[in-house]
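[1] coords please:
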Amino acid sequence: MERSLDLLLRQTRIDETLYDSVLDFWQELAYLQLSQKALSLRLTTIQNVAGSVATRRQLTNSQSGVLKSSLETTGLFAQDVNRSLRLRSSLWRDFLAAAHLAQMEQPPPVADQLNDPFWQRALRFYVARAGGRELANHLLEAGEANPFHEQLFSLAAWLPETREDGPWRRRTLVQLGQLVVKPAIPLSVRQRAVAVLAASGESGVMALLRQLLQHSDANVRIMAVGAVARFDPEQCVPLLQDMLRDGDANVRVAAVHALGWQYDELS
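    As a prediction, this is how the structure comes out:
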């Protein structure tokens, strides 16, 4: 998306010295649209933001006019019949708004939005830029009371977005692993936990899955088979081959399906 944004800026034929100012302008508009949950922004709001950016960036009047004209020359924005403007894509809205949040001098107002589904994608983009250490503790503490563990799954979605170290990463992985083996947890929640573990990209996940393939509960072994299939064939095909000898027929069927997805001669 950063590369696409660079290409969009070049297509506007704006002077390169104004790129940062134009980006600042777009990001603040996106943040306003996100934070207000607005379908579009009024012309007066856009003019006020343009004036604020121009003052902050010390732009001349002609340079300030470039900010507003950039909305017409890029394909990111669309104008409604009442002359209000909106970002065509909610994906770009969230991406640009997250960049604005990450650049705020004061702590950004994101902690209050952790449980708002409307903010979840923007929060992932924010974590990718600013890290998730501070926000993670809020979710870990709140997650214990949620029977569907939505906070924990939100945290798990952040893992591939940042290589930031911290206790929150280990706590997230440990809690996901605990969910998988608890028989009292609904099976769909346990399946989701295995899936996000496999997608996390964490180095210790394969070792955990190897253990789960030996678990006494056939449902756990089936879930682990599906998760193992996500990894490189050199790693997963020998493990799946072993599961073809499992004592439970459903586990063997799961292994056959998993092997069918591998682009590998042995499978």
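[2] give the buried residues for the longest helix along the chain.
    Counting residues, the longest helix found in the chain (DSSP state H) is helix 19-35. Residues of helix 19-35 classed as buried by neighbour count (16 or more other C-beta atoms under 10 Å): 19, 21-34. Every residue, glycine included, has its C-beta placed from N, CA and C.
[3] right, and the helix or strand after that helix?
    Once the chain leaves helix 19-35, the next helix or strand it forms, by DSSP states H and E, is helix 43-57.
[4] how big is the angle separating the longest helix of the chain from helix 43-57?
    When axes from the mean of the first three to the mean of the last three C-alpha atoms, to 10 degrees is applied, the directions of helix 19-35 and helix 43-57 differ by 140 degrees.
[5] which helices and strands does helix 19-35 pack with?
    Helices and strands in packing contact with helix 19-35 are listed as helix 2-11, helix 43-57, helix 61-73, strand 85-87, helix 90-102; criterion 3 or more C-beta pairs under 8 Å, 6 or more residues apart in numbering; DSSP states H and E.
[6] low-confidence stretches in the stretch 1-150 of the chain?
    Within the stretch 1-150 of the chain, the set of residues satisfying pLDDT under 70 comprises 142-147.
[7] quick one: contacts for the closest residue in space to residue 228 that isn't next to it in sequence?
    Among residues not flanking residue 228 along the chain, residue 236 sits closest, at 4.7 Å (C-beta to C-beta, 6 or more residues apart in numbering). Contact criterion C-beta atoms under 8 Å, 6 or more residues apart in numbering gives 228-230, 258, 262 as the residues in contact with residue 236.
[8] of the residues you listed, which is the most crowded?
    Among the contacts of residue 236, the one with the most neighbours (other C-beta atoms under 10 Å) is residue 228, at 24 neighbours.
[9] from what I see, that one and residue 209 are in contact.
    Yes: under the criterion of C-beta atoms under 8 Å, residue 228 lies in contact with residue 209, with a separation of 5.2 Å.
[10] common neighbours of these two, please.
    Shared contacts of residue 228 and residue 209 (C-beta under 8 Å, 6+ apart): residue 198.
[11] for stretch 97-109, output the C-alpha coordinates as CSV.
    Taking C-alpha atoms only, stretch 97-109 is exported to CSV below (Å, rounded to 0.1, in the frame of the first residue of the first chain):
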residue,chain,number,x,y,z
ALA,A,97,-6.0,7.3,9.3
ALA,A,98,-3.5,4.9,11.0
ALA,A,99,-0.6,6.8,9.6
HIS,A,100,-2.1,10.0,11.1
LEU,A,101,-2.5,8.3,14.5
ALA,A,102,1.0,7.1,14.5
GLN,A,103,2.3,10.6,13.9
MET,A,104,0.4,12.3,16.7
GLU,A,105,2.6,14.0,19.3
GLN,A,106,0.2,13.2,22.1
PRO,A,107,-0.8,9.6,22.8
PRO,A,108,-3.4,8.7,20.2
PRO,A,109,-7.0,8.1,21.3
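[12] ok, residues contacting it?
    Residues from elsewhere that reach stretch 97-109 (C-beta under 8 Å, 6+ apart): 23, 27-28, 30-31, 33-35, 110, 122-126, 128-130.
[13] please repeat the previous calculation with a cut-off of 10 Å.
    By C-beta atoms under 10 Å, 6 or more residues apart in numbering, the list of residues contacting stretch 97-109 from outside reads 1-2, 5, 23-24, 26-35, 87, 110, 113, 119, 121-131, 134-135.
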